[in-house]
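> Need a 3D model of the following:
(2 chains)
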Protein chains: 2
Amino acid sequence: MTASGKVKLKPGDTIGILGGGQLGRMLAIAAARLGLKCQVFSPDPDSPAFDVVLNATCAEYADVEALELFANDVDVITYEFENVPAATAMVLAARRPVLPAQKILETTQDRLIEKDFVKRLGIDTADYADVSSLESLQAAIARIGLPAVIKTRRFGYDGKGQAIVREGDDPAQVWEDLGTKSAILEAFVPFEREISVIAARSVDGHVECYDVTENEHRDHILKFSRVPAAISDELAAQARAVAEKIAHALDYVGVLGVELFVVAGNGGPHVMVNEIAPRVHNSGHWTLDGASVSQFEQHIRAIAGWPLGKPVRHGQVTMTNLIGDDILDYEQWLTVPGATVHLYGKGAPRPGRKMGHVTEVAPASKK
Amino acid sequence: MTASGKVKLKPGDTIGILGGGQLGRMLAIAAARLGLKCQVFSPDPDSPAFDVVLNATCAEYADVEALELFANDVDVITYEFENVPAATAMVLAARRPVLPAQKILETTQDRLIEKDFVKRLGIDTADYADVSSLESLQAAIARIGLPAVIKTRRFGYDGKGQAIVREGDDPAQVWEDLGTKSAILEAFVPFEREISVIAARSVDGHVECYDVTENEHRDHILKFSRVPAAISDELAAQARAVAEKIAHALDYVGVLGVELFVVAGNGGPHVMVNEIAPRVHNSGHWTLDGASVSQFEQHIRAIAGWPLGKPVRHGQVTMTNLIGDDILDYEQWLTVPGATVHLYGKGAPRPGRKMGHVTEVAPASKK
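Below you'll find the predicted structure:
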């Protein structure tokens, strides 16, 4: 079983998960519910996902021997984060199917390659330019205008590796502060709202999208997701079609999150892709309690070669992230009627650290 | 922390679970979602619950050293089955709080003591008699009449350890076949339907009952649960009141299942207690997908000293047990819209073995 198209697990088989954070933890729990075992690979001995599996591998992602032993123990491999090193993925893919496929990581690990990919599909994005020197930064500013956002091409998340460039800023200083020679400059998008689509695609190419989620960030970190998004049915259909197109174009197997901006236009608002996350996504956590099948279960079904579920939403849903010290309110949240509390089993609540989330479901009739 | 009234876990603390079956597995998953760790104690190396915890103890329930080490590793202890040996519970209770309390096991492990307890509360049960010899069996038959059901006082479940005694049966033969000297004879109850109430009681004595469930058995094993039961609101309130009364009388902490019969009467149907299960109960599995807080989470909250959730039901729910070869249909179930599939990660599908269950939720408006 080495070709991804042939993956077909049976109950009792084992899924290998790279990464031991809350996403890996929730994936492992979803797999357990379907009678599948998981083995988690993570360099962090305090990985929250280790708590919910019998077998864990605590080793560096560059440890080839550990990777090989891990691969031998499992039937299919997936990951909870997009920054899986290429060499790691290669070692594993030589032994077991890795889903979503390794080439998808290459596209989504690099903002420039990702943007080019989206653009080639005829999907709207913010204007952007490759920036690899002070000169190319100056040229990009001249073309795109200010304000704009400079982002490292790789390893950015939750606002890390990016900065706003404003009228009057010194480009030389901006370039020095960034500390990398591999970046893009993106036009600043005056969006009306931020939305996302969580889509699942099965081995046989079937796609199921969840209802469009509206997201609110605080300090670049997702704070609230609300479903359904307060947009027209037409725009929601447009957003879902974008996600579906991307999933097909990547020959994707598993769950992906597509972040979009809703932008005003002469012919009414339209959507613009911001980012693709080749994994389960924070803005899809509401599906654990607000839908008949969660994004975690959909991902497991997809990579197991099983049929996707047809998600039915239970009502109007709000997901609140518990970030840093928010976790200290857990007992108060436990008493809110209809609220479901998820704590990730992490240690100290550092600022900006995602410690848990809460889902609240109100009957559908309210919408 | 040795008095049960003082249990108050914090996220990251560890719950010890005696028993490694599907109930222990689902308890451990519920605990993980709340940021609590679990350690499972079970003599069976293939225990389904071992798959979802980092630390497992595989040892006999009589292994005092293993019990002591296990107790030292955890902050509170609970169990997934009522037949925990008294000596086991005693060893553990000397070191850590055991919830529900050990004395509750004494009441519910013995059908005679349990029936006496229910009767003392003024709650209706089938007519019954202590049977410890052929003579007392004959006397019981004379008083109660036939048909009747003879049951071993201890260790019965899923129809094991019981037999119907019919007109014309030879009491001497019945007595010999039973193979124990400790039994009760129960009047045969011509019930209209079988229902159950899943109730949770917190450390501070607060009780939350789920909506009454209607149960359908096949070969003495639960096959379907449907919620709400097709009974009047008045009768449902009566059933819940019975469960609440029992929970208070036992000074119970955790979730318990109370099985009842609905019996026709001159003044309309009334309820009669059949059995008390001092644990999460198969007829409460629907709460995993059909309610805002599951019976497993309620149990964990209760034994953690946390506030109970206020359960909100998502609609009209049907739970179907996958028994034995039923499991072979799992892929078909995966394609049913709105159905949620739970597989227990057990090995071979032996006849009568509970392998998984499926929940289907229909919008509440249908009722």
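> where in the stretch 51-200 of chain A is pLDDT low?
A:156-159 (pLDDT under 70).
> Going along the chain, name the helices of it.
Assigned by DSSP state H, counting those that start in this stretch, the stretch 51-200 of chain A shows helices spanning A:64-73, A:86-93, A:102-108, A:111-120, A:134-144, A:171-178.
> Skip the chain neighbours and tell me the closest residue to residue A:79.
Once flanking residues are discounted, residue A:79 sits nearest to residue A:18: 3.9 Å by CB to CB, 6 or more residues apart in numbering or on different chains. To be clear about C-beta, it is placed using only N, CA and C from the backbone, and glycine gets the same treatment.
> I figured the one you found hits residue A:83, correct?
No - applying CB atoms under 8 Å, one finds residue A:18 not in contact with residue A:83, separated by 10.2 Å.
> Up against chain B, what does the stretch 251-367 of chain A have?
Among all residues of the stretch 251-367 of chain A, those adjacent to chain B (criterion: CB under 8 Å from any CB of the partner chain) are A:289, A:292-293, A:301, A:306-307, A:309-310, A:312, A:314, A:327, A:330-331, A:334-335, A:337-347, A:356, A:361, A:363-364.
> Residue A:18 and residue A:83: which is more packed in?
residue A:18 (23 against 15; other CB atoms under 10 Å in any protein chain shown).
> So what pairs up with the more buried one in the strands?
Listed by DSSP bridges, the beta-bridge partners for residue A:18 are residue A:41, residue A:79.
> OK, contacts around it?
Contacts for residue A:18 (CB atoms under 8 Å, 6 or more residues apart in numbering or on different chains) come out as A:24, A:41-42, A:61, A:77-81, A:84, A:88, A:92.
> Is it possible to mark the buried ones in those residues?
By neighbour count, with 16 or more other CB atoms under 10 Å in any protein chain shown, the contacts of residue A:18 hold A:24, A:41-42, A:61, A:77-81, A:84, A:88, A:92 as buried.
> Return the per-residue confidence for the closest residue to residue A:60 other than its chain neighbours.
Counting by CB to CB, 6+ apart, residue A:60 lies nearest to residue A:43, which is 4.9 Å off, once chain neighbours are set aside. Per-residue confidence (pLDDT) for residue A:43: 98.
> residue in the stretch 201-350 of chain A nearest to chain B?
Here the residue of the stretch 201-350 of chain A nearest chain B is residue A:343; by CB to the nearest CB that distance is 2.8 Å.
> Residues of the stretch 1-150 of chain A that sit close to chain B?
Listed as neighbours of chain B in the stretch 1-150 of chain A under the rule CB under 8 Å from any CB: A:11-12, A:25, A:28-29, A:32-37, A:50-54, A:56.
> List buried residues within the residues you listed.
A:11, A:25, A:28-29, A:32-37, A:50-54, A:56.
> Tell me the one of the residues you listed nearest chain B?
Among these, residue A:35 lies closest to chain B (CB to the nearest CB), at 2.8 Å.
> Now residue A:275: closest residue in space that isn't a chain neighbour?
Spatial nearest neighbour of residue A:275, excluding adjacent residues (CB to CB, 6+ apart): residue A:259 at 4.5 Å.
> Correct me if wrong: the one you found contacts residue A:274.
Yes - look at residue A:259 against residue A:274 with CB under 8 Å: they come within range, at 4.3 Å.
> Spell out which residues are contacts of both of the two.
Common neighbours of residue A:259 and residue A:274, using CB under 8 Å, 6+ apart, are residue A:194.
> quick one, helices of the stretch 201-350 of chain A?
Counting by DSSP H, counting those that start in this stretch, the stretch 201-350 of chain A has helices at residues A:233-249, A:287-290, A:295-304, A:330-334.
> hmm, back to that, list the contacts of the residue of the stretch 201-350 of chain A closest to chain B.
A:322, A:327, A:330, A:355-356, B:11, B:33-36.
> CSV please, covering those residues and showing distance to residue B:71 and pLDDT.
Below are the contacts of residue A:343 laid out as CSV (distance: CB to CB, whole Å; pLDDT from 0 to 100):
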residue, distance to residue B:71, pLDDT
A:322, 32, 98
A:327, 28, 96
A:330, 26, 96
A:355, 29, 98
A:356, 29, 98
B:11, 21, 95
B:33, 24, 97
B:34, 22, 97
B:35, 22, 97
B:36, 17, 98
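> give me the number of residues near residue A:90?
12.
> contacting residues around the nearest residue to it once chain neighbours are set aside?
In space, and not counting its chain neighbours, residue A:90 is closest to residue A:102: 6.8 Å by CB to CB, 6+ apart. Taking CB under 8 Å, 6+ apart as the contact definition, residue A:102 lies against A:86, A:89-90, A:93.
> For residue A:102, give its distance to residue A:86.
7 Å (CB to CB, to the nearest Å).
> what do you get for residue A:348?
In terms of CB to CB, residue A:348 sits 32 Å off from residue A:86.
> higher neighbour count, these two?
Shown here are residue A:348 and residue A:86; by other CB under 10 Å, residue A:86 has more neighbours (11 against 8).
> wait, residue A:119 sits on residue A:125?
Yes - the pair residue A:119 / residue A:125 is scored as a contact, 6.1 Å apart, by CB under 8 Å.
> Surely residue A:270 touches residue A:123?
No - using CB under 8 Å, residue A:270 is not in contact with residue A:123; the gap is 10.8 Å.
> which of those two has more neighbours?
Neighbour count, other CB under 10 Å: between residue A:270 and residue A:123, residue A:123 has more, with 19 against 16.
> Enumerate every residue touching the more buried one.
Shown in contact with residue A:123 (CB under 8 Å, 6+ apart): A:242, A:245-246, A:273.
> go on, residue A:328?
Contacts of residue A:328 by CB under 8 Å, 6+ apart are residue A:349.
> what does residue A:169 give?
The contact partners of residue A:169, by CB under 8 Å, 6+ apart, come to residue A:146.
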